Structures are given as structure tokens and as C-alpha cells.
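# A predicted structure for the sequence below; I have some questions about it.
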Amino acid sequence: MSEGPLTGGRPSEADERPAPRTVAAPIDVAGLIGNVSYEVMPFKKTEASVKRHVPKDVPLTVTATESRGLDATLDLTVALAQDGYRVAPHLAARLVQGEDHLRRIAERLDDVDVRSLFVIGGDAPEPHGPFDSAKALIDALDGIGFRYESLGVGGYPEGHASIPEAALDAALRQKATHADRIITQICFDPDTIASWASQLARSGVDVPIHLGLPGPVNRQKLMRISAGIGLGQSARFLQKQQNLVWRLLLPGGYNPTRLLRRLGKALARAETHVAGLHIFTFNELERTEAWRQKLLASVRA
């Protein structure tokens, strides 16, 4: 199963906030498994792997990195859209060179009727243009009249390495008025996730949350991918993601099913707007889809 139709997005003049919203409530594992999207990386063989292993009712996002630039993200987004997938590119604000560049991006997405976006600030040390945050790019998209139907923004249950907590919270509230989903960064602590999501609901942010979760990762392939996109040699990445690297690369260090069960228990005790999962596949698409099907079978039994 996948999430339902992607509605909401850019607010109209008569409606300042997209709809519908979820009601803050506990959620169980079955509810999470029934609403899943996949994140893929724009490599040469990704399109073929997606077509071979991923059903078309599973929504996709395509990552963006400074080393590859936005063109690689857009190329794969366009190809997958033409293949019939519902796909959202990661638009990293710091990689957009200016309004003309943004208009060219919008035209490419218009050409294949892509109306779903995931807008992030991005990790480039210096902006390539005038946009230094997700909110700045969202405002620019509205300014050029790009008509998106669904907009995702990032959430940080464990905070951000270079942004103070108060600023991060303020930015999320600003972005949430435009968004119909919040996709979180990876966090391995279920209690931290549940506490963060519960606090978000109490603060009045009622956007559905999709929890970022690594799928079943082959350690050797992950290391090859990391090297291929420049992560293996990036001190900045390793400094921020030591916990992630440690858990994913050590033998027996990570089990997605075990984490999911622990998440289910933590979320069953909290009222949140958690609505589903966003799986960081690291392009392990065959294994990820087999894992998802096994989980779906287990909750149906």
C-alpha cells in the first residue's frame, strides 16, 4: 500500500493553509507500513532499478547533492515521471543559482507535469545564489507562479548540527504553512522521535509527518555509494552523521524492522501527526521492496 493522493500544496488566496490535515493521535506499526515513500539517489542505473523493483503506487523522492548538482536530480525526476511514477525532486535552496535558474527548473518540471516537491535548505557551505533556506526558495517558487500540488519540508527530531534549536523550530513553523508533509531526518531513538512529534502537535503544527527510516542496507553497497557521491571523503558529512555511519556500517548495527517495532511502541503512547514512513533506500531497491512486502504481509496476517 502507499499513501493516498497527494493533495494540498501551494495555498490559494482564499486558503492560507493546505488541507486536509491529520488529527493528532497515536499510530501503530500497521499504520506506518501502509503509508510509505522511497528516497532514491540519481545514479546511472537508478531508473532501471526503480522500474524493475518499485511498484508505481509507491511515491518517490530524488536526492540532491552538491557534488552532482541539481541537473542530475532533475534528469532522474523527469525520467521517472515519464515512466509513470509519482516523484518529487529534492530542491536544495543553496544549489539554486538565482531566479532564472529556478524558472528553468520549473519549466522542466512543468513539461512532465511534476507537481510534487521536497524543498530543503541543503548542506552546501555557501549558497550558489540568493537562496539560503528552504523558506526563501518556497517564497521564490510562489513568486514565479509555480503551481505545485504537494510540498514536503524537512524535520529534525534530533536538531541540526549548525542551526540553533529555536531558529530551527521557527523555520519549521514558517515552512509548515506551505507544506502538506514533513519528512524527517534519520533518527534512531524512538522516544526522541515521539517526543519531538508530540511537541510539534502541541505547538499547533498539524502537518502530517513522514518518519525518515533507513531500509535494509547492504554495508558494502552503502560504502560504494557514499564514495561515489563524495560522502566517504567528506569530513563535514562524517562529523554530522557519525551515529548514522556507525549504525549502518557495523555488522549487526542496524535492523529496520527492530527499529520500526520500537517506533510503534513509542508512538502508541503519544499523540502526534505521524502519518507514514519515508524510506532512505540508498538505492537498495530490490531488498527494500522485498522488506516492505514482508512487513505488509505480516500486518495483514
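Noted; the coordinates are in hand.

# what sits against the nearest residue to Ile182 once chain neighbours are set aside?
Spatial nearest neighbour of Ile182, excluding adjacent residues (CB to CB, 6 or more residues apart in numbering): Gly155 at 4.3 Å. Any C-beta I mention is one placed from the backbone N, CA and C, and that applies to glycine too. Gly155 is in contact with 172, 182-185, 196, 200, 209, counting by CB atoms under 8 Å, 6 or more residues apart in numbering.

# Throw the residues you listed into TSV and include neighbour count, thanks.
TSV is the format used below for the contacts of Gly155 (neighbours: other CB atoms under 10 Å):
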residue	neighbour count
Leu172	21
Ile182	25
Ile183	24
Thr184	21
Gln185	18
Trp196	21
Leu200	24
Ile209	26
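
# Kindly reformat those as TSV containing distance to Leu74, secondary structure and pLDDT.
Below are the contacts of Gly155 laid out as TSV (distance: CB to CB, whole Å; DSSP: H, G, I helix; E, B strand; the rest coil; pLDDT from 0 to 100):
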residue	distance to Leu74	secondary structure	pLDDT
Leu172	26	helix	93
Ile182	23	strand	97
Ile183	19	strand	96
Thr184	24	strand	93
Gln185	23	coil	88
Trp196	32	helix	95
Leu200	31	helix	95
Ile209	27	strand	97
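
# which of the residues you listed lies closest to Thr77?
Ile183 (16.0 Å; CB to CB).

# For the closest one, list the residues it contacts.
Ile183 is in contact with 61, 118, 152-155, 210, 212, 278, counting by CB under 8 Å, 6+ apart.

# is it in a bridge, and if so with what?
Gly154, His210 (DSSP bridges).

# Low-confidence ranges, the stretch 201-301 of the chain, go.
Applying pLDDT under 70 to the stretch 201-301 of the chain flags the ranges 219-253.

# what's the spacing between the residue nearest to Ile182 and Val112?
Counting by CB to CB, to the nearest Å, the gap from Gly155 to Val112 is 28 Å.

# quick one on the thing from earlier: ok, the contacts of Gly155 vs Val299, which is closest?
Proximity of the contacts of Gly155 to Val299 (CB to CB) peaks at Ile209, which lies at 19.8 Å.

# Was I right to think the closest one contacts His278?
No. Taking contacts as CB atoms under 8 Å, Ile209 lies outside contact range of His278: 9.5 Å.

# returning to that earlier point: between the contacts of Ile183, identify the one with the most neighbours.
When neighbours are counted by other CB atoms under 10 Å, Gly152 leads the contacts of Ile183 with 28 neighbours.

# How about the secondary structure of the nearest residue to that one once chain neighbours are set aside?
Spatial nearest neighbour of Gly152, chain neighbours left out: Phe118 (4.1 Å); criterion: CB to CB, 6+ apart. Under DSSP: H, G, I helix; E, B strand; the rest coil, the three-state class of Phe118 is strand.

# for Phe118, what are its contacts?
61, 88-91, 151-154, 183.

# Take these and lay them out in CSV including distance to Ile105.
Output for those, formatted as CSV (distance: CB to CB, whole Å):
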residue, distance to Ile105
Thr61, 15
Ala88, 13
Pro89, 8
His90, 12
Leu91, 7
Leu151, 14
Gly152, 16
Val153, 17
Gly154, 19
Ile183, 20
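
# Show me those that map onto strands.
Among the contacts of Phe118, the ones falling in strands (DSSP state E) are 61, 88-91, 151-154, 183.

# of the residues you listed, closest to Arg262?
After measuring the ones in strands among the contacts of Phe118 against Arg262 - CB to CB - the closest member comes out as Ile183, at 19.9 Å.

# Now Lys45: phi and psi?
phi -100, psi 10 (degrees, to the nearest 10).

# So for it, what's the pLDDT?
Listed pLDDT for Lys45 reads 95.

# repeat for Arg68
At Arg68, pLDDT is 85.

# Count the neighbours of it for me.
18.

# Same check on Pro130?
Count around Pro130 with other CB under 10 Å applied: 14.

# Tell me if it really is in a strand.
No. With three-state DSSP as the criterion, Pro130 is assigned coil and is not in a strand.

# That one - nearest residue in space that isn't next to it in sequence?
Excluding its sequence neighbours, the residue lying closest to Pro130 (CB to CB, 6+ apart) is Gly98, at 6.1 Å.

# State the phi and psi torsions of that neighbour.
phi 160, psi -180.
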